[in-house]
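*Asks:* Following is a predicted model, sequence given first.
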Amino acid sequence: MSALSVDTVSLSFGGLKAVDALSFAVEPGEIFTIIGPNGAGKSTVFNLICRIYTPSQGDIRLNGRSLLDAKPHQVVQRGIARTFQNIELFEHASLLDNLLIGRFRHGRFAPLSELLFLPSQRRQELAHRRRAEEVVEFLDLEAHRHVRVADLPYGVRKKAELARALVSEPKVLLLDEPSSGLTAEETDDTAFAIQDIRDDLGITVVMIEHDMKLVGKVSDRVLAINEGRFLATGTATNVQADPAVQAAYLGAAA
Amino acid sequence: MRVLFRKSYLQDIRLFRDGVQAAWYGAFFCLALSAPLWLDGYFLDELALVYIYAIAGLGLMILTGFSGQVSFGQAAFVAIGAYAHTILMGRYGLPFVLSLPATALIAGLAGAAVGRICSRMHGLYLAIATLSVAIVTERLLGGGGAFTGGHRGLPVPEMTILGLPMDDSWKTYLVNLVLFTGAILLTRNLLRTRSGRALIAVRDSEVSARALGVNVAFFKTWAFFLSAAFAGVAGAMLAHAFYYVTPEVFGMNESIRLLLMVVVGGLGTIHGAVFGAFFIVLLPTMLSLVKVWLPAAIAQSGGFDSLVFGLILLVFILFEPDGLYGRWQKIHHYFSVFPMYRRRSFQRQKTFLKTERLR
């Protein structure tokens, strides 16, 4: 069974068809990349999966179970975590606090025990901290733990957002342009991190990416879309060689 | 400058950073506890009033400072607290120790109701909605007939705790000190647990809060509940301090004063609420001391207090948006790294990349 399957999904904003009968399936343990020119509807696909938008047609399934009955805040409960294209961290909190918020789905609302800080809370806090520290170590963020996110350099913030998604222990990780704004060296680091996330943590990765070098290096399969429609799927080289994809990026040959 | 070496996760969870900090706060608490010994009645009452305002301020800090929802309606919940407490004690004869938690619950539920209705509002719209709550509450209390005593108000029954009459300044002072300390502890605990972090997540980015599993509407309502419950307790204690409750005491002006208090104190910090309370309660006293030295034409004119108050606010918003606590941190930092301090040390890095926010 596919880890994540998008089944003939459509979404329109007024007259504009942002996503048009798009289908694809991501297998468990795969690194799956979505490419496409600006405005192709890539981020919209992510927002559909995260239930920020509701598709006008079609179904989105996680391990065979439809996601459409989940509210946006319940998606992470089902095992999907995401990052954002332009970093949506909690700016005025420390990196560590950001990661602890990432642990949110593993806790329960217990107002009295929280307000009185009962021993059970202390135990939970310690357990969450331990999990957060594993991710800190995994992504080499030790030096920045106690720094307020607003004061961190861009590359570190990008990594911090990845870390925050990881502490929630997802089954499927959605990365929206993980290398945008990064230096060549940081992009290489990101490539290794993505591979490690799949190989060591066993998380299925779906990403949107423009840097074809990175795409070629890490992806098992690539999906190209344009104007919300399916163009091609296959390995990175195959998709790049596809005439429909080239036409979408460069304009059709005269 | 002291550098903290962390050896255990508990160090980030404990109430105090290290022994030095614990000793400082311990000393402050002892100072506050011993105040009845070295302060006379008038100033003792003033200090108790500072604590009461600080409790309301902490509530507003939870709402505005931590969960990022501007509220011009805090005085409404203070009023609900004051009236609920007065009516529960005076009309239904509930003892103080039962009436106070009941009051917190009543005010909290009122707050939660407002919070649930406003949970989709942001910024200016939320400010207007909460402002209207303040106005409506004042009107309702004024028009409540015999139940609320109308515009004439209600007398507040004597405070007796478990049969002991609290008939002296020092006794009420200590009650207020205990409640104030309790309010600080509750807020601190909230901030170091899951719900508190959820509030901060809602404040800084609703989109990613939601993506991480935070039910935004629920936690906004929870913030309103807590904030109103704190305000309710403050209202109950205020009623005892004034001996008489009337709707005018808790009008719109009071709401604005409370909001100014947390802004001048420093938004987003517990210290800010406390510093702001000192500022707002003691300023009129300070002004009356200064007035003696001013020519009568200025000192006697009606708007003098408001003018000074407004000017101070203006100065804070222009030159120290981080409030009194922010200024204190800068001064502290200046001396702890002397002579290495730079003006840039606290300058915020501007973020130029911001997602078009999905609301």
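*Replies:* The structure has been received and is ready for your questions. Residues are numbered from 1 along each chain as shown, chains lettered A, B, ... in the order given.
*Asks:* other SSEs contacting the helix or strand hosting residue B:113?
*Replies:* In this assignment (DSSP states H and E), residue B:113 forms part of helix B:96-117. Helix B:96-117 sits against helix B:74-90, helix B:123-142, strand B:160-161, helix B:216-242, with contacts defined as 3 or more Cβ pairs under 8 Å, 6 or more residues apart in numbering or on different chains; DSSP states H and E. For the C-beta atoms, the positions are set from N, CA and C on the backbone; glycine is no exception.
*Asks:* in the stretch 1-150 of chain A, what spans have low per-residue confidence?
*Replies:* Regions of the stretch 1-150 of chain A meeting the criterion pLDDT under 70 are absent.
*Asks:* and residue B:61, how far is that from residue B:14?
*Replies:* From residue B:61 over to residue B:14 the distance is 21 Å, taken as Cβ to Cβ, to the nearest Å.
*Asks:* Between the two, tell me which one has more neighbours.
*Replies:* residue B:61 (28 against 13; other Cβ atoms under 10 Å in any protein chain shown).
*Asks:* what's the closest residue to the more buried one other than its chain neighbours in contact with, if anything?
*Replies:* Spatially, and ignoring its direct neighbours in sequence, residue B:61 is nearest to residue B:273 (4.4 Å; Cβ to Cβ, 6 or more residues apart in numbering or on different chains). Applying Cβ atoms under 8 Å, 6 or more residues apart in numbering or on different chains to residue B:273 gives the contacts B:54, B:57-58, B:60-61, B:65, B:261-262, B:265.
*Asks:* Please, which helix or strand holds the residue positioned nearest the centre of chain A?
*Replies:* Using Cα atoms, centre = their mean, the residue of chain A that lies closest to the mean C-alpha position is residue A:174, 1.8 Å off. Secondary structure assigned from DSSP H and E places residue A:174 in strand A:172-176.
*Asks:* do the same with residue A:222
*Replies:* Judged by DSSP H and E, residue A:222 forms part of strand A:221-226.
*Asks:* What lies in contact with the lowest-mean-pLDDT helix or strand in chain B?
*Replies:* In chain B, no helix or strand scores lower on mean pLDDT, DSSP states H and E than helix B:296-299, which sits at a mean of 80. Helix B:296-299 is contacted by residues B:291-292, B:304 when judged by Cβ under 8 Å, 6+ apart.
*Asks:* Can you lay out the residues you listed as CSV showing neighbour count?
*Replies:* As requested, the contacts of helix B:296-299 are arranged in CSV below (neighbours: other Cβ atoms under 10 Å in any protein chain shown):
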residue, neighbour count
B:291, 15
B:292, 7
B:304, 15
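*Asks:* So the residue lying closest to residue B:13 once chain neighbours are set aside: helix, strand or coil?
*Replies:* Computed as Cβ to Cβ, 6+ apart, the closest residue to residue B:13 that is not its neighbour in sequence is residue A:125, at 5.3 Å. What DSSP: H, G, I helix; E, B strand; the rest coil gives for residue A:125 is helix.
*Asks:* Among the contacts of helix B:296-299, which one sits closest to chain A?
*Replies:* residue B:304 (37.2 Å; Cβ to the nearest Cβ).
*Asks:* Contacts only, for the residue nearest to the centre of chain A.
*Replies:* Residue A:174 touches A:46, A:49-50, A:80-83, A:206-207, counting by Cβ under 8 Å, 6+ apart.
*Asks:* May I have the helix or strand where residue B:306 lies as PDB, with CA atoms only?
*Replies:* Applying DSSP H and E as the criterion places residue B:306 in helix B:304-319. This file holds the C-alpha atoms of helix B:304-319, laid out as PDB (Å, rounded to 0.1, in the frame of the first residue of the first chain):
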ATOM      1  CA  PHE B 304      -2.600  66.800  34.700                       C
ATOM      2  CA  ASP B 305      -2.400  63.100  35.700                       C
ATOM      3  CA  SER B 306      -3.600  61.800  32.400                       C
ATOM      4  CA  LEU B 307      -1.200  64.100  30.600                       C
ATOM      5  CA  VAL B 308       1.800  62.800  32.500                       C
ATOM      6  CA  PHE B 309       0.600  59.200  32.100                       C
ATOM      7  CA  GLY B 310       0.100  59.700  28.300                       C
ATOM      8  CA  LEU B 311       3.500  61.300  27.900                       C
ATOM      9  CA  ILE B 312       5.300  58.400  29.700                       C
ATOM     10  CA  LEU B 313       3.500  56.000  27.500                       C
ATOM     11  CA  LEU B 314       4.500  57.900  24.400                       C
ATOM     12  CA  VAL B 315       8.100  57.900  25.500                       C
ATOM     13  CA  PHE B 316       8.000  54.100  26.100                       C
ATOM     14  CA  ILE B 317       6.400  53.300  22.700                       C
ATOM     15  CA  LEU B 318       8.900  55.600  20.900                       C
ATOM     16  CA  PHE B 319      12.100  54.700  22.700                       C
END
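*Asks:* Excluding residues flanking it in the chain, which one is nearest residue 166?
*Replies:* No chain in the question, so chain A it is. residue A:135 (4.9 Å).
*Asks:* Sorry, I should have been clearer: chain B.
*Replies:* Nearest one to residue B:166, counting by Cβ to Cβ, 6+ apart, is residue B:159 at 4.1 Å.
*Asks:* List the residues that contact that neighbour.
*Replies:* So residue B:159 contacts B:96, B:165-166, B:172, B:175, B:240 (Cβ under 8 Å, 6+ apart).
*Asks:* Could you check how far it is from residue B:128?
*Replies:* Distance, residue B:159 to residue B:128, using Cβ to Cβ: 37 Å.
*Asks:* Close to chain A: what parts of chain B are there?
*Replies:* B:9-10, B:12-13, B:186, B:189-190, B:192-198, B:200-201, B:203-205, B:207-216, B:222, B:268, B:348-349, B:351, B:353-355, B:358 (Cβ under 8 Å from any Cβ of the partner chain).
*Asks:* In helices, which of those residues appear?
*Replies:* B:186, B:189-190, B:194-198, B:200-201, B:203-204, B:207-211, B:216, B:222 (DSSP state H).
*Asks:* Where does the residue nearest to residue B:9 when sequence neighbours are not counted sit: helix, strand or coil?
*Replies:* Nearest non-adjacent residue to residue B:9, counting by Cβ to Cβ, 6+ apart: residue A:129, 4.6 Å away. Three-state call for residue A:129 (three-state DSSP): helix.
*Asks:* Contacts only, for residue A:129.
*Replies:* By Cβ under 8 Å, 6+ apart, residue A:129 lies in contact with A:96, A:100, B:9, B:12-13.
*Asks:* And the residues you listed, which of them are buried?
*Replies:* Those of these that meet the buried threshold are A:96, A:100, B:12, by 16 or more other Cβ atoms under 10 Å in any protein chain shown.
*Asks:* Show me where chain B dips below the pLDDT cut-off.
*Replies:* For chain B, the ranges with pLDDT under 70 are B:1, B:343-359.
*Asks:* repeat that for 80
*Replies:* Residue ranges of chain B with pLDDT under 80: B:1-4, B:298-303, B:305-306, B:309, B:340-359.
*Asks:* Spatially central residue in it, please.
*Replies:* Nearest to chain B centroid, counting by Cα atoms, centre = their mean: residue B:57, 0.4 Å.
*Asks:* helix/strand/coil for that one?
*Replies:* Residue B:57 ends up helix, using three-state DSSP.
*Asks:* what does the one 5 residues further on give?
*Replies:* Using three-state DSSP, the structure places residue B:62 in helix.
*Asks:* can you check residue B:276 too?
*Replies:* Going by three-state DSSP: residue B:276 is helix.
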